[in-house]
Structures are given as structure tokens and as C-alpha cells.
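Colleague: heads up, no residue letters with this:
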């Protein structure tokens, strides 16, 4: 595996694993969702890098999914449930957005789905 691709995937896995560990605590839903969003973003960027695409600095998952759809239709029907709202702003005081346990579990499942799909597509 190309070293840069490995780094994208390793960073994505780190965020995914942090989300899973925090989920065990039953607390910190906002932080869990942040790490879900970050992992999905990096998994998608790993896939796009694998396909030879230039990686743009963006946190917009729908943009990245649409680019991935240009290469593989399996990415076209994935629902991200507006996870972008947890990308950066939720990390600052004053944000009143607190995801429910149900939403948090949905976001974990989306991250798991995209992780699995990208692993399959880049043969990991």
C-alpha cells in the first residue's frame, strides 16, 4: 500500500476507534459524532486518493461522497444524516447541538459502513 494512502487510512481508523471507545462510556455524544464525521471524511479521502484524485481540504461529506460516486456507484446511496454539523463547530463552546444516543449509534453505523466499503474497494 502506498505510504500516503496508508496514512489516510490510519488516521481514519484512529478517529473510528476513538469513537468506538467513547461509545462504551455512554457519554460524550458530541465528541463521538465528531470522530465519526472525521473518520468518514478520511476514509472517503483515502478512497479518492486511491483513485488518483487530488484531495481537497473540505469537511463536507456529501461533496466527498459525490466524488466517490463518480468512481463507484456503491457510494451513491449512503446516507450521512447531516454529520457535517459535527465537523468543527461542535468542538467550540456555545454550540447547543447534543446528539441523542440513537443518533450517535446511527452515526457509528455510517462510519462502520463506509469503513467496510472503502476497505473492500482498496483491498485492505
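Modeller: Cool, got the structure. The model shown is predicted, which means the values in this text are computed figures rather than measured ones.

Colleague: Show me the shaky parts of the chain.
Modeller: 1, 88-96 (pLDDT under 70).

Colleague: List the residues that contact the spatially most central residue of it.
Modeller: The residue lying closest to the centre of the chain (Cα atoms, centre = their mean) is residue 40, at 1.2 Å. By Cβ atoms under 8 Å, 6 or more residues apart in numbering, residue 40 lies in contact with 12, 61, 80, 83, 110, 111, 114. C-beta here means a position set from N, CA and C on the backbone, and glycine is covered the same way.

Colleague: I'd like to know which of the residues you listed is nearest to residue 71.
Modeller: Closest approach between the contacts of residue 40 and residue 71, by Cβ to Cβ: residue 114, at 14.2 Å.

Colleague: helices and strands around the helix or strand that contains residue 17, which ones?
Modeller: Element membership for residue 17 (DSSP states H and E) is helix 3-23. Helix 3-23 makes packing contacts with helix 29-50, helix 101-121 when contacts are defined by 3 or more Cβ pairs under 8 Å, 6 or more residues apart in numbering; DSSP states H and E.

Colleague: if I look at the residue nearest to the centre of the chain, how far off is residue 79?
Modeller: Going from residue 40 to residue 79 by Cβ to Cβ, to the nearest Å gives 11 Å.
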